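Asker: Here's my sequence, what's the structure:
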Amino acid sequence: MFSRPAFFNAAIGPVFHQKGIEKMLKKILLGSALTASAGGLLLGTSAYSYVKTGVHSLGDSLKDQIPIEVEIKRARELITDLKPEIASNLKLIAREESEVTKLQREVSVKQTSLAKSKDSILKLKEDLQSGVRYVTYQGKKYSIEQVRQDLGDRFKHHQSLEATSDKLVKILDARERNLVAARRKLDEMLAAKRELEVQVENLQARLTMVQVAQAGSQFAVDEGAISQVRQALDEIATRIDVAEKLANGLDEIGSVPVEAQLEPEDLIEKISEYFLEGSPSSNSNSQIDQLADRPL
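Answerer: From the prediction side, this is the model:
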């Protein structure tokens with residue numbers, strides 16, 4: 001039987017070992033995929049709803065981890081992002097106002113031309129109905145046939161001019177209404193922007209109040225630390241008091257009690273004698289007693 005050399009086994013051994021690991025991982029992944037597929041087949045849309053609910057819950061949990069200061073800053077940036085859009089709308093409105101102004105002038109010119117054309121047509125019609133054979137305009141003589149031909153041409157041009165003027169009036173009316181709506185929309189956007197700015201400032205103020213309240217609770221912890229310091233000082237003072245009493249008591253320990261102890265009656269008598277003899281009234285009474293004892 002053919003046997004492979006040792007160096008050959010040492011060279012290809014890790015390769016087979018790596019392939020074995022890869023095959024094992026493929027089996028695990030395939031098993032997981034089959035399990036997920038089977039779960040989907042068994043649960044159907046319920047499995048999707050569970051996954052969807054989990055994704056939403058994870059999103060809400062991650063959103064709750066974002067600091068409120070970051071959210072407020074993001075809201076401020078969103079409000080700032082409205083400025084380019086507002087500026088763009090202002091530019092469009094300004095351009096539309098310019099176009100509407102030009103259209104108004106054009107309509108005004110058309111209306112003036114229509115009025116003049118109407119007057120000329122009515123004048124030619126009146127001359128044509130007069131029955132004369134020749135008509136003079138600005139020093140020049142025209143036959144009645146020339147007047148009829150010119151009247152027909154003028155009337156066709158007037159009708160065309162009137163139709164054009166009517167269209168321009170309708171266009172002008174529509175653009176003016178659109179311009180009013182655009183201005184109102186821009187005013188609403190500006191008002192909404194100001195309201196959002198006020199809301200952000202209110203939220204910032206509320207957050208500041210919460211932070212102040214939280215700081216107050218932290219101060220309570222500092223008060224506890226101060227109480228510990230006071231307790232430590234009280235213990236030190238107590239130890240010093242004990243040491244002082246012990247130091248004063250050592251002088252009396254072992255000494256012979258030579259001094260006589262005063263009885264309560266002796267103490268009262270001694271105090272009475274002290275105060276009676278030392279007071280001026282007691283001296284005057286003693287002098288009176290001495291005078292009374294002398295013979296007359």
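
Asker: Report the buried residues of stretch 165-174.
Answerer: Under the neighbour-count criterion of 16 or more other C-beta atoms under 10 Å, stretch 165-174 has Ser165, Leu168, Leu172 buried. Quick note: C-beta positions are derived from backbone N, CA and C, even for glycine.

Asker: Let me know the closest of those residues to Ala181.
Answerer: Distances from Ala181 to these, taken as C-beta to C-beta, are shortest for Leu172 (15.0 Å).

Asker: just checking, which of the buried residues of stretch 165-174 belong to helices?
Answerer: Among these, the residues falling in helices (DSSP state H) are Ser165, Leu168, Leu172.

Asker: Quick check, the second one in contact with Glu106.
Answerer: Yes: the pair Leu168 and Glu106 passes the contact test of C-beta atoms under 8 Å, sitting 6.2 Å apart.

Asker: still on that earlier bit, ok, the buried residues of stretch 165-174 vs Ala115, which is closest?
Answerer: Ser165 (10.5 Å).

Asker: Spatially nearest residue to that closest one, not counting backbone neighbours?
Answerer: Lys110 (4.0 Å; C-beta to C-beta, 6 or more residues apart in numbering).

Asker: could you point out which element follows the helix or strand harbouring the one you found?
Answerer: Using DSSP states H and E, the element containing Lys110 is helix 82-128. Per DSSP H and E, the first helix or strand lying C-terminal to helix 82-128 is strand 134-137.

Asker: CA atoms only: put that next one into PDB for me.
Answerer: The C-alpha trace of strand 134-137 is given here as PDB (Å, rounded to 0.1, in the frame of the first residue of the first chain):
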ATOM      1  CA  TYR A 134     -66.900 109.900 -51.700                       C
ATOM      2  CA  VAL A 135     -65.500 110.500 -48.200                       C
ATOM      3  CA  THR A 136     -62.600 112.800 -47.200                       C
ATOM      4  CA  TYR A 137     -60.200 111.800 -44.400                       C
END
